[in-house]
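**Student:** Let me see the structure of the following:
(4 chains)
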Protein chains: 2
Amino acid sequence: MRIGELADRAGVSTRALRYYEEQGLLRSSRTAGGQRVYPPSAEDRVRLIRELYTAGLTSRVIAELLPAVDARHVGPELLARLLDERARTAAKVAELQAAGQRLDALIALATHPDSDACPATLDQAAARGSAP
Amino acid sequence: MRIGELADRAGVSTRALRYYEEQGLLRSSRTAGGQRVYPPSAEDRVRLIRELYTAGLTSRVIAELLPAVDARHVGPELLARLLDERARTAAKVAELQAAGQRLDALIALATHPDSDACPATLDQAAARGSAP
DNA sequence: CTAGAACTTGACGTCAACGTCAAAGGCAAA
DNA sequence: TTTGCCTTTGACGTTGACGTCAAGTTCTAG
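**Tutor:** Next up, the predicted model:
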């Protein structure tokens, strides 16, 4: 398949696909005229790349990661980085959930106009952590 | 307190504090000489701002949100945006957790060099969602 | 009163993952 | 062959939350 079809299938732009290639995340063969050609497996590869981006990894880290995925072998140095990134995502999840509770408190403020618990949730959570 | 102390206490840069003020997120009184002065409550305010940033909200949205927090009253239009943002954070949490499992699979690959389950987790999760 | 740390505004720099535009060439169908 | 969509490389633009530097002012300890 060519770049347009892959973009459609994977739900990204052609610009993104060229960018991924430029960053060493995605390979392609070429037609005689120089146009990029991808195997069907490229779709899953792009989805994986997107997912790793979603995890907050940079293209540089992903570029180091993908060969290990393909070879199914992770060296000790890369493992250290993986543990680091995993901790980072876990922390981010926790932060996001905490922030989500802030939003919930605000939403409760709007939907239950005269509850007493809401203000406490809004103001004091930051001051004393998150547990009561 | 002045800007440097607030920055230290809240764990942000002075540049960030001035930026928050510029964006209408943080107020300050001034000394006769024009230097910013903050009340002790500003520390919690900054932490709240940081938390909302962490939730993925932009400064513009936060600027609309904070008055509602102070007034403890959320209008219907803002409520709609809140529900939207809350859904966004929930989705982001889910994505982050999915991506975290990818990282876990890679980590397992490094720590249990010859398990059979790992490759499946690595490759096929994207192809069929996330449930087995 | 004076050194020097802390503060002021203003303005340009950064970084990542693309968006967008331009000019040119490739490809498939009629 | 011609029409017209797809693709190519190259290069500049965007966005958000600050970083950073500069030149000048204010505050405070001694």
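
**Student:** mind checking the SS state of the closest residue to DNA strand C within chain A?
**Tutor:** Here chain A gets closest to DNA strand C at one residue, A:Gly33, 2.2 Å apart by CB to the nearest atom of the strand. (Glycine included, C-beta is placed from N, CA and C.) Classification of A:Gly33 using DSSP: H, G, I helix; E, B strand; the rest coil returns coil.

**Student:** Report the helix or strand with the lowest average pLDDT across chain A.
**Tutor:** Ranking every helix and strand in chain A by mean pLDDT, DSSP states H and E puts helix A:117-127 at the bottom, with a mean of 45.

**Student:** Name the nearest residue to A:Tyr20, sequence neighbours excluded.
**Tutor:** A:Leu26 (4.1 Å; CB to CB, 6 or more residues apart in numbering or on different chains).

**Student:** What's the local residue count around that neighbour?
**Tutor:** 20 (other CB atoms under 10 Å in any protein chain shown).

**Student:** Pull the contacting residues for it.
**Tutor:** A:Leu17, A:Tyr20, A:Ala42, A:Arg45, A:Val46, A:Ile49 (CB atoms under 8 Å, 6 or more residues apart in numbering or on different chains).

**Student:** Would you mind measuring from the residue positioned nearest the centre of chain A to A:Arg47?
**Tutor:** Central residue of chain A (CA atoms, centre = their mean): A:Thr54, 0.8 Å from the mean position. Distance, A:Thr54 to A:Arg47, using CB to CB, to the nearest Å: 10 Å.

**Student:** Tell me if I'm right that A:Ile107 and B:Val74 touch.
**Tutor:** Yes. Contact criterion CB atoms under 8 Å: A:Ile107 and B:Val74 qualify, at 7.5 Å.

**Student:** and the next element down the chain from the strand or helix carrying A:Val61?
**Tutor:** For A:Val61, the element it lies in under DSSP states H and E is helix A:59-71. Later in the chain than helix A:59-71, the nearest helix or strand by DSSP H and E is helix A:76-111.

**Student:** Do any residues in that next one lie close to DNA strand C?
**Tutor:** No. Using CB under 7 Å from any atom of the strand, helix A:76-111 never reaches DNA strand C; the gap is at least 12.3 Å.

**Student:** Give the other helices and strands that that helix contacts.
**Tutor:** Here helix A:76-111 touches helix A:59-71, helix A:117-127, helix B:41-54, helix B:59-71, helix B:76-111, going by 3 or more CB pairs under 8 Å, 6 or more residues apart in numbering or on different chains; DSSP states H and E.

**Student:** would you put the C-alpha positions of stretch A:89-102 in PDB?
**Tutor:** Extracted in PDB, the C-alpha atoms of stretch A:89-102 (Å, rounded to 0.1, in the frame of the first residue of the first chain):
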ATOM      1  CA  THR A  89       3.600   6.900  33.200                       C
ATOM      2  CA  ALA A  90       2.400   5.500  36.600                       C
ATOM      3  CA  ALA A  91       3.000   8.800  38.200                       C
ATOM      4  CA  LYS A  92       1.200  10.600  35.400                       C
ATOM      5  CA  VAL A  93      -1.800   8.300  35.800                       C
ATOM      6  CA  ALA A  94      -1.900   9.100  39.500                       C
ATOM      7  CA  GLU A  95      -1.600  12.800  38.800                       C
ATOM      8  CA  LEU A  96      -4.300  12.700  36.100                       C
ATOM      9  CA  GLN A  97      -6.600  10.800  38.500                       C
ATOM     10  CA  ALA A  98      -6.100  13.400  41.200                       C
ATOM     11  CA  ALA A  99      -6.800  16.200  38.800                       C
ATOM     12  CA  GLY A 100      -9.800  14.200  37.600                       C
ATOM     13  CA  GLN A 101     -11.200  14.300  41.200                       C
ATOM     14  CA  ARG A 102     -10.800  18.000  41.200                       C
END
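
**Student:** Can I get the helices and strands packed on helix A:76-111 in JSON lines including distance to A:Leu6?
**Tutor:** What follows is the helices and strands packed on helix A:76-111, written out as JSON lines (distance: least, CB to CB, whole Å):
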{"stretch": "helix A:59-71", "distance to A:Leu6": "17"}
{"stretch": "helix A:117-127", "distance to A:Leu6": "45"}
{"stretch": "helix B:41-54", "distance to A:Leu6": "34"}
{"stretch": "helix B:59-71", "distance to A:Leu6": "34"}
{"stretch": "helix B:76-111", "distance to A:Leu6": "21"}
